[in-house]
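Asker: turn this into a model:
(chains A and B)
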2 protein chains.
Amino acid sequence: MSTLAPVLDRLDGNLDKSLTRLFDLVRIKSISTDPAYASDCRKAAEWLVADLKSIGFEASVRDTPGHPMVVAHHEGPAGAPHVLFYGHYDVQPVDPIELWDADPFDPRLKEIEPGRKVITGRGASDDKGQLMLFVEACRAWKEVHGSLPCKVTLLFEGEEESGSPSLKPFLEANAEELKADFAMVCDTGMWDRETPAISVALRGLVGEELTVRAANRDLHSGEYGGAAANPIRILASVLADIHDESGRITIPGFYDGVEETPSQILKSWENLGETAETFLGPVGLSIPSGEKGRSILELVWARPTAEFNGISGGYTGKGFKTVIAAEASAKVSFRLVHKQDPAAIRSAFRKFVEDRIPADCSVEFHPHGGSPAIQLSYDSPFLASARQALSDEWTKPAVMIAMGGSIPIVGDFQKFLGMESLLVGFGLSDDRIHSPNEKYDLSSFHKGQRSWARILDALTRKG
Amino acid sequence: MSTLAPVLDRLDGNLDKSLTRLFDLVRIKSISTDPAYASDCRKAAEWLVADLKSIGFEASVRDTPGHPMVVAHHEGPAGAPHVLFYGHYDVQPVDPIELWDADPFDPRLKEIEPGRKVITGRGASDDKGQLMLFVEACRAWKEVHGSLPCKVTLLFEGEEESGSPSLKPFLEANAEELKADFAMVCDTGMWDRETPAISVALRGLVGEELTVRAANRDLHSGEYGGAAANPIRILASVLADIHDESGRITIPGFYDGVEETPSQILKSWENLGETAETFLGPVGLSIPSGEKGRSILELVWARPTAEFNGISGGYTGKGFKTVIAAEASAKVSFRLVHKQDPAAIRSAFRKFVEDRIPADCSVEFHPHGGSPAIQLSYDSPFLASARQALSDEWTKPAVMIAMGGSIPIVGDFQKFLGMESLLVGFGLSDDRIHSPNEKYDLSSFHKGQRSWARILDALTRKG
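Answerer: Numbering: from 1, shown residues only, chains lettered A, B, ... in the order given. Take a look at the predicted model:
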C-alpha cells in the first residue's frame, strides 16, 4: 500500500486546523523593515520554533545582528536524501492601510467568486502561507507514519523583505549544519490556477557604468561643431552597435556558454499560450525587442540581453543650450543565461567599447555587480520526480518555467552551500503580494500542502 | 590727388586726441545687465550723441523700454552708397574685480612687450574701442574734406551684452529710417595681429528636442529585458544613424542647399596655417569629428553639422537600477550653411527619426529655434573693395573667414531691413573681452581707424 495516500487524506482532514495555524502566524505583525516590529519578528520566529518542536523537529531561534533565523532539523531514513527547505516569516509593510478591505493582520477566509475561496491578510501568500505548506506536509507525514520520508532541514529567514543583510554571513557561518543534497525554495508562483510550475532557470546579471570623455571642458557647438568629438555621439554609436538588425548582441564572445533550449521545453512553453501580445500588451507594447525568431517566453527566460538602464550627458534641463559636452555616461546591464561567465562578459564588453572610442577620447568603466545564471539541468531525475508529483496533484501537468530576473537566495545556496535549488511555489499573479489586500487561494493552500507531500514521497522513492 | 591720403594723415596726427576721446567713453560705467548702471548707460549714449553732433551728424538718443539707442545720420554725395554702421556702447560687468590689474573704468596705455602698446579697460575692445574707429574715420573725413564720401547712418545699441531685448522691435519700428544699402558691423576680430579679416559666413541653427516613448511605465529589466522595447536603445540607434562612417550626415536631403566652397577660398584658409592640432589641441583633442577629407576650418566655417547637445533617460543617479525606462530624450542641433532651409531640415530630421521608431513606440518633437545661415557672396564687388582696402593697410592681405556660430544682429538686419552685413573688426583673440584685464591693441585702434577710412574710400569709388 502507498505511504502517500494516507498522508494526503490526513492533510484533507486537517485543513481547518492548518488554516487556524496559518491565521495564528499571519496575526503576528512581523514587518522586518520597520524597527517598531522587531519584537513581532522574534515572536513569529518563536511561534515557528514551538510549532516545529510540536511536530518533533529539533528547532531553535538563531540570533543574527538583525532579525533571527529559525533552523530546524529532522532525521530521515538511511539512504534517503537530505533536503533544505527555505522560506521567510517576515512580511512587507501594510501601507497604504486605507486601501485594505480588512485588517491585514486579522486573516479571513473569503469567497471572491463562486467556488473560489481565498485567505486574506499580509503574508497570507508571501511567504507565511507558502512556508506553512511544507510544515503541514511534514506534520501529516509524522502523524501518519511517525517519521519523515527524508532528512529535512528547515531555514526560515526574517529579513527577506528588507534585503537579507544577515543571510550570507549566516550561511557562511553555518554551512556545515545547513548543507543538504539540495534546497527547496517556496517563494514563487504557479503558471496559472490550474498549472503548477517549477522554475528551473534564473538569469544572471552583469552591470556596467561607462563614461565617455572628449574635450577637457564643455564647448560651444557653434565654435567647435564639426571639429570636436561629441561624447554623446560616441556613446550613442557604441550603444547602437551592441545589437544587430536581428536583435542579436554583437559583442565578440557574448554568446559563449549560451545553450539552445531543448525543443521539448520550447514546445512546452509554446503550449502555455503566452504571446508577444499577451505578455507586452499590459505595458502598452506588442513587438518583442530581442532576437528575432524566438518566442516571447524564450526571450525573457532563456536568452541573454543587453539593456541600457540609464543615459545622461550634456544639457538636459528646460530649453536649449548649444553645448558639446565634455562627457556622457550610460548604465548598461546584461542578463546572462546558462554558462555565460560574468567576468568574461564584462571584459568583452569593455574591449568592445574601447575599440570604438576615438584615439583622442577616453572611456572609464565602473562595475555594478555580476552573478552567473542559475540553470537546473532539464533532465535531472529529482526535477523529473518533482514534476511528476505536481502533475499528479493538479488539473494540468507541471511546467518548467524560468525567471527573467534573479532570486538572490538561489545564488547564495549555490555559492555558500554548493547546493542547487528546486523552486516550487503556489502563488498566483493576482495575489497582490507587497500590496494592499494580499491573498492566497485556498486551493493553493490545500493542494500546495498535498503537492509537497507528493514531492517528498517522489524524491524519496527516486533518492 | 587722392582724397584718402590726407584723411589717413589726419588720423595719424590726431591719434592722441582720439585716444583721449576713447578714454572718456571707457570711463563711463555702461554695464547694461546691472540696473544700478542704467544712468551710466544713458550717459554713454548722450556722450556719443554729443560727439557725433560735434562732427556734424544729426544724432539723437532714442528711448527704448531698456537702455537707449543712439541713431545718427550724415548725408553723402549723390550716387554714393548709403551704409549703416552698427556697434554697441554697453559693456560686460567687471567681476571678479580683484583679478583686474587696474581699475577697469580708468583706461590706460600700457606697453605689454617691446613695441606693443595696448589700451586697458572694460570696453576698450568690446565694443567701445571698435565703434570709435569708425567715428574717428568719419571725423577725419569731415575735418579734411568737410563731407563724408557716402551717406552714413550710425546705430549704437546699449543692450548687446544683455541679450538685445529692444533691438528687434526698434529695427521693425524704424525700418524706413535705418534701411541702407548694407550694414557694417564692427564687433569681430582679426585673424592675427598682422592679418585683417572679413567674416563672410555665419552658420545657421536648427534645434530639436525629441522624446522616445516605449512602455507605459518603467519596467524591471529582469522581467522584461529581451521582450520590451527600450527607449534608450531606440534613441541611441537613431542618433548613431545620423552620421555615416565618413562623418557625413545621412538624413535624406540634408545637404540640399550646401555649396562647395570655392577652391581659392579653401586655399586661402589653408594658408592660415590652422590645423586639427592647433585648433583642437587647446581643448585636449586632435581628431576632427566632422566629414573626412575637409580641413578643420572648412568643417567649422563652411560645413553643416548635427550635434547632440543633451541626452537623458532611465536611472542616472548613483549606483544601479535594473530598469527599462518608459522614455528617453535628446536635444539635437544642426548648424546650417549656405542655402540650407531650416524648415526643410527640421522636417527631414523628424521623418528620419519617425522611420526608425518601432511601431509600438512613439516619438514627440519639440522645436528649439531655427535660423538660416548667413553667406555673403564671395564675389560681391563691395566685399572685394573692403578686402583690398584692408590689405592695403595691414602687413598681410585680408582673409575672408567665417564663423561657426551666429551673430544675431546680422540675421536681424537681413530680416528686418533686408540688408547684408560686412563684418570687419580689429579685436584680437587675446583681448580678454568679457574677462578681467580687457585690452585693445593700440595698433588695432590706430590702423583700425585707417582701415575704415580706406574702406569708406574704396566703397565709394566702387559704389
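Asker: who are the packing partners of the helix or strand A:R450 falls within?
Answerer: Element membership for A:R450, per DSSP states H and E: helix A:442-462. The helices and strands touching helix A:442-462, judged by 3 or more C-beta pairs under 8 Å, 6 or more residues apart in numbering or on different chains; DSSP states H and E, are helix A:4-13, helix A:15-27, strand A:116-120, helix A:128-145, helix A:381-393. Placement of C-beta: from N, CA and C, glycine included.
Asker: what is the burial count for A:S263?
Answerer: The tally of other residues near A:S263 (other C-beta atoms under 10 Å in any protein chain shown) stands at 8.
Asker: one step back: point out the most buried one among the helices and strands packed on helix A:442-462.
Answerer: Among the helices and strands packed on helix A:442-462, ranked by average contacts under mean count of other C-beta atoms under 10 Å in any protein chain shown, first place goes to helix A:128-145 (a mean of 24).
Asker: check which helices and strands it sits against.
Answerer: helix A:4-13, helix A:15-27, helix A:38-55, strand A:82-88, strand A:151-157, helix A:442-462.
Asker: try it again with 7 Å
Answerer: In terms of contacts (3 or more C-beta pairs under 7 Å, 6 or more residues apart in numbering or on different chains; DSSP states H and E), helix A:128-145 is packed against helix A:4-13, helix A:15-27, helix A:38-55, strand A:82-88, helix A:442-462.
Asker: how far off helix A:128-145 does the last one point, in degrees?
Answerer: Put simply, helix A:442-462 runs at 50 degrees to helix A:128-145, going by axes from the mean of the first three to the mean of the last three C-alpha atoms, to 10 degrees.
Asker: quick one: buried residues of helix A:442-462?
Answerer: A:442-460 (16 or more other C-beta atoms under 10 Å in any protein chain shown).
Asker: so how far is that helix off the chain centroid?
Answerer: Helix A:442-462 has its C-alpha centroid displaced from the chain centroid by 21 Å (C-alpha atoms, centre = their mean, to the nearest Å).
Asker: average pLDDT across it?
Answerer: Helix A:442-462 carries an average pLDDT of 92.
Asker: what sits up against that helix?
Answerer: The contact list for helix A:442-462 (C-beta atoms under 7 Å, 6 or more residues apart in numbering or on different chains) reads A:3-4, A:7-8, A:11, A:15, A:18, A:80-81, A:109, A:117-119, A:129, A:133-134, A:136-137, A:140-141, A:149-150, A:196, A:381-382, A:385-386, A:388-390, A:392-394, A:426, A:428.
Asker: correct me, but A:L109 touches A:K117?
Answerer: Yes. With contact defined as C-beta atoms under 7 Å, A:L109 and A:K117 form a contacting pair (5.6 Å).
Asker: still on that earlier bit, C-alpha coordinates for the helix holding A:R450, PDB please?
Answerer: Taking C-alpha atoms only, helix A:442-462 is exported to PDB below (Å, rounded to 0.1, in the frame of the first residue of the first chain):
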ATOM      1  CA  LEU A 442      -7.400  28.300  -0.500                       C
ATOM      2  CA  SER A 443      -6.700  25.900  -3.400                       C
ATOM      3  CA  SER A 444      -3.100  26.900  -3.300                       C
ATOM      4  CA  PHE A 445      -3.000  26.400   0.500                       C
ATOM      5  CA  HIS A 446      -4.700  23.000   0.300                       C
ATOM      6  CA  LYS A 447      -3.300  21.500  -2.800                       C
ATOM      7  CA  GLY A 448       0.100  23.100  -2.100                       C
ATOM      8  CA  GLN A 449       0.300  21.000   1.100                       C
ATOM      9  CA  ARG A 450      -0.600  17.900  -0.900                       C
ATOM     10  CA  SER A 451       1.900  18.900  -3.500                       C
ATOM     11  CA  TRP A 452       4.800  19.000  -1.000                       C
ATOM     12  CA  ALA A 453       3.700  15.600   0.400                       C
ATOM     13  CA  ARG A 454       3.800  14.200  -3.100                       C
ATOM     14  CA  ILE A 455       7.200  15.800  -3.800                       C
ATOM     15  CA  LEU A 456       8.700  14.400  -0.600                       C
ATOM     16  CA  ASP A 457       7.300  11.000  -1.500                       C
ATOM     17  CA  ALA A 458       8.500  11.100  -5.100                       C
ATOM     18  CA  LEU A 459      12.000  12.300  -4.100                       C
ATOM     19  CA  THR A 460      12.400   9.600  -1.600                       C
ATOM     20  CA  ARG A 461      11.400   6.900  -4.000                       C
ATOM     21  CA  LYS A 462      13.900   8.200  -6.600                       C
END
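Asker: tell me which element the one residue in the stretch 351-463 of chain A that gets nearest to chain B falls in.
Answerer: The stretch 351-463 of chain A approaches chain B most closely through A:G405 (2.5 Å), counting by C-beta to the nearest C-beta. Assigned by DSSP H and E, A:G405 belongs to neither a helix nor a strand.
Asker: which residues touch it?
Answerer: A:203, B:220, B:222-223.
Asker: top of the residues you listed by neighbour count?
Answerer: A:R203 (30 neighbours).
Asker: so how far is A:L417 from it?
Answerer: 21 Å (C-beta to C-beta, to the nearest Å).
Asker: likewise for A:M132?
Answerer: For A:M132, the distance to A:L417 - C-beta to C-beta - is 24 Å.
Asker: repeat for A:H145
Answerer: Applying C-beta to C-beta to A:H145 and A:L417 gives a distance of 28 Å.
Asker: show me the strands in the stretch 151-300 of chain A, by range?
Answerer: Shown for the stretch 151-300 of chain A, the strands assigned by DSSP state E, counting those that start in this stretch span residues A:151-157, A:182-185, A:197-202, A:204-213, A:219-220.
Asker: could you dump the ones you listed into TSV and include distance to A:S371 and mean pLDDT?
Answerer: Shown next, in TSV, are the strands of the stretch 151-300 of chain A (distance: least, C-beta to C-beta, whole Å; pLDDT from 0 to 100):
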stretch	distance to A:S371	mean pLDDT
strand A:151-157	19	98
strand A:182-185	16	94
strand A:197-202	9	92
strand A:204-213	5	96
strand A:219-220	40	90
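Asker: got those as TSV, with distance to chain B columns?
Answerer: Putting the strands of the stretch 151-300 of chain A into TSV (distance: least, C-beta to the nearest C-beta, whole Å) gives the following:
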stretch	distance to chain B
strand A:151-157	21
strand A:182-185	17
strand A:197-202	9
strand A:204-213	5
strand A:219-220	6
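Asker: out of the ones you listed, nearest to A:L422?
Answerer: Among the strands of the stretch 151-300 of chain A, the nearest to A:L422 by C-beta to C-beta is strand A:182-185 (4.9 Å).
Asker: export that closest one as CSV, just CAs?
Answerer: Extracted C-alpha coordinates of strand A:182-185, given in CSV (Å, rounded to 0.1, in the frame of the first residue of the first chain):
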residue,chain,number,x,y,z
PHE,A,182,19.5,20.2,-2.5
ALA,A,183,17.4,23.1,-1.5
MET,A,184,13.7,23.6,-1.9
VAL,A,185,12.6,27.3,-2.1
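Asker: and the contacts of that strand?
Answerer: A:83-86, A:382, A:409-410, A:413, A:419-424.
Asker: how about stretch A:26-35?
Answerer: Contacts for stretch A:26-35 (C-beta under 7 Å, 6+ apart): A:37, A:40-41, A:43-44, A:47, A:67, A:89-91, A:93, A:105, A:107, A:121, A:123-124, A:128, A:158-159, A:161-162.
Asker: likewise for stretch A:71-78?
Answerer: A:52, A:56-60, A:62, A:148-155.
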